[in-house]
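In: Just a sequence and a predicted model for now, questions to come.
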Amino acid sequence: MINRRKFIAGSVLASAGMLFSIKHTKAYNKLRPVKNVKNKPIVISTWIHGMEANRAAVDCMDKGGDCLDAVEAGVRVTEADPENLSVGIGGLPDREGNVTLDACIMDKTGNCGSVTFLKHIKHPISVARKVMEDTPHVMLSGEGALQFALECGFEKENLLTEKAKKAWEKWKVESNYKPIINVENHDTIGLIARDKNGDLAGACTTSGAAYKMHGRVGDSPVIGAGLYVDNEVGGACATGMGELVLKTLGTFLVVELMRYGMSPQEACEEAVIRIKNKLPDYKNFQVGYLAINKAGETGAYCIHPGFNYALHQNNKNELIDSDSYLK
């Protein structure tokens, strides 16, 4: 039998060895400052709908809002777009025809809030912020989340648009649940903002996988999976098939890798490699990561080609194609 003292000593040595290994790889670098970013906001977000979201986030900061106000304002643009089939109103429903929304938000202090399986409320990100600021909890779900939202003054409305309803009725003919890589910009908008003070916040919101089982919740509202921010280090968000991100706690991993010296790009790449090494069916799905560190460096990486992201930096907003593990 291993005694307690030897077990603890062995654990400490193993941990030290792991840190030694990390610190002596090529990835262990000092955070490199980026030119011309001092006092200028940086916003990074997933997919083409991130272009409008970025503009709203920067406009919010230009008007005096901080990074938390900015991330909420940014993703609310996407939530309110009925033409978007993967976020907020107009999101594709579950296999029973219910539109259920998930979201989370995290501020510069490490405080966070989340809602899952929320019906009838167009802006789950704002409900998540209320959970963070006005309750002792991190996450509210289902009927409880709806009750809380209504008590806070949010309006109940029908989120199933005619466009989404027709798509669901067409799907029901065969009822074949098979997520398609990069279809409809594959759910989710994740957005991270760095304000003029260098502080970071993040938001993530989605209607989840189209035609999912009733009650399914993905990675997007889970702190450390769909989103994670540490104001001393940086932040990361995820998009794609949530089950793969949940199984590897991808955004927490990205931030921790940055803590130990990896650049945002290296950390995103390592998180995708972790999926590749741990999950044999990874080729059947898309996952993409975005990251930003305190120095203002950014990174992006995904499994398959086709993931793009919006970056607003140095007063320029542009759509960029991420590099991918599979070519």
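Out: Received the coordinates, thanks.
In: Tell me the spatial nearest neighbour of the residue nearest the centre of the chain, not counting adjacent residues.
Out: The residue lying closest to the centre of the chain (Cα atoms, centre = their mean) is Cys237, at 3.3 Å. Leaving aside its sequence neighbours, Cys237 sits nearest to Gly190 (Cβ to Cβ, 6 or more residues apart in numbering; 2.8 Å). Glycine gets a C-beta too; all of them are placed from N, C-alpha and C.
In: what about dumping the CA coordinates of the host helix or strand of the one you found to CSV?
Out: Secondary structure assignment for Gly190, by DSSP states H and E: strand 189-194. In CSV, the C-alpha atoms belonging to strand 189-194 read as follows (Å, rounded to 0.1, in the frame of the first residue of the first chain):
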residue,chain,number,x,y,z
ILE,A,189,-21.2,33.4,-31.7
GLY,A,190,-18.3,33.6,-29.3
LEU,A,191,-16.8,37.1,-28.8
ILE,A,192,-14.0,38.4,-26.6
ALA,A,193,-13.2,42.0,-26.2
ARG,A,194,-10.1,43.8,-24.8
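In: hang on, Asn293 packs against Met258?
Out: Yes: counting by Cβ atoms under 8 Å, Asn293 does reach Met258; the two are 5.3 Å apart.
In: Could you check which of those two has the larger neighbour count?
Out: The neighbour comparison of Asn293 against Met258 (other Cβ atoms under 10 Å) goes to Met258, with 28 against 25.
In: what helix or strand does that one sit in?
Out: Going by DSSP H and E, Met258 is part of helix 250-259.
In: Touching that helix from outside, list them.
Out: For helix 250-259, the surrounding residues in contact (Cβ atoms under 8 Å, 6 or more residues apart in numbering) are 27, 219, 224-230, 232-238, 244-245, 264, 266-268, 270-271, 274-275, 287, 289, 291, 293.
In: same question, stretch 314-323
Out: 36-37, 40, 48, 50-51, 54-55, 58, 288, 300-302, 305, 307-311.
In: Of those residues, grab the buried ones for PyMOL.
Out: The buried residues among the contacts of stretch 314-323 can be selected in PyMOL (16 or more other Cβ atoms under 10 Å) with this line:
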select buried, resi 37+40+50+51+54+55+58+288+300+301+302+305+307+308+309+310+311
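In: measure Ala70 to Ala103 for me?
Out: To Ala103, Ala70 is 16 Å away according to Cβ to Cβ, to the nearest Å.
In: More neighbours: those two, which one.
Out: Using other Cβ under 10 Å, the more surrounded residue of Ala70 and Ala103 is Ala103, with 35 against 29.
In: Which secondary structure state is assigned to the residue nearest to the centre of the chain?
Out: Following DSSP: H, G, I helix; E, B strand; the rest coil, Cys237 is assigned to strand.
In: Name whatever forms a beta bridge with it.
Out: Judged by DSSP bridges, the bridge partners of Cys237 are Leu227, Leu290.
In: any idea where the strands of the stretch 101-250 of the chain begin and end?
Out: Ranges of strands within the stretch 101-250 of the chain are 101-106, 112-118, 139-141, 189-194, 200-206, 227-230, 234-240, based on DSSP state E, counting those that start in this stretch.
In: Would you reformat the ones you listed as CSV and include mean pLDDT and distance to Lys156?
Out: Output for the strands of the stretch 101-250 of the chain, formatted as CSV (pLDDT from 0 to 100; distance: least, Cβ to Cβ, whole Å):
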stretch, mean pLDDT, distance to Lys156
strand 101-106, 98, 13
strand 112-118, 98, 11
strand 139-141, 98, 16
strand 189-194, 98, 23
strand 200-206, 98, 18
strand 227-230, 98, 26
strand 234-240, 97, 28
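In: Of all these, which one comes closest to Tyr325?
Out: strand 234-240 (12.3 Å; Cβ to Cβ).
In: That closest one vs helix 250-259, what angle?
Out: 150 degrees (axes from the mean of the first three to the mean of the last three Cα atoms, to 10 degrees).
In: give me the low-pLDDT residue ranges for the stretch 151-300 of the chain?
Out: Along the stretch 151-300 of the chain, the parts satisfying pLDDT under 70 run over 178-187.
In: re the thing from before, now the helix holding Met258: buried residues?
Out: 250-258.
In: Which one of those is nearest to Leu118?
Out: Thr251 (20.9 Å).
In: So what touches stretch 138-158?
Out: 89, 104, 112-123, 126-127, 130-132, 134-135, 217, 221, 223.
In: hang on, the earlier thing: sort out for me which of the contacts of stretch 314-323 are in helices.
Out: Among those, the members falling in helices (DSSP state H) are 50-51, 54-55, 58.
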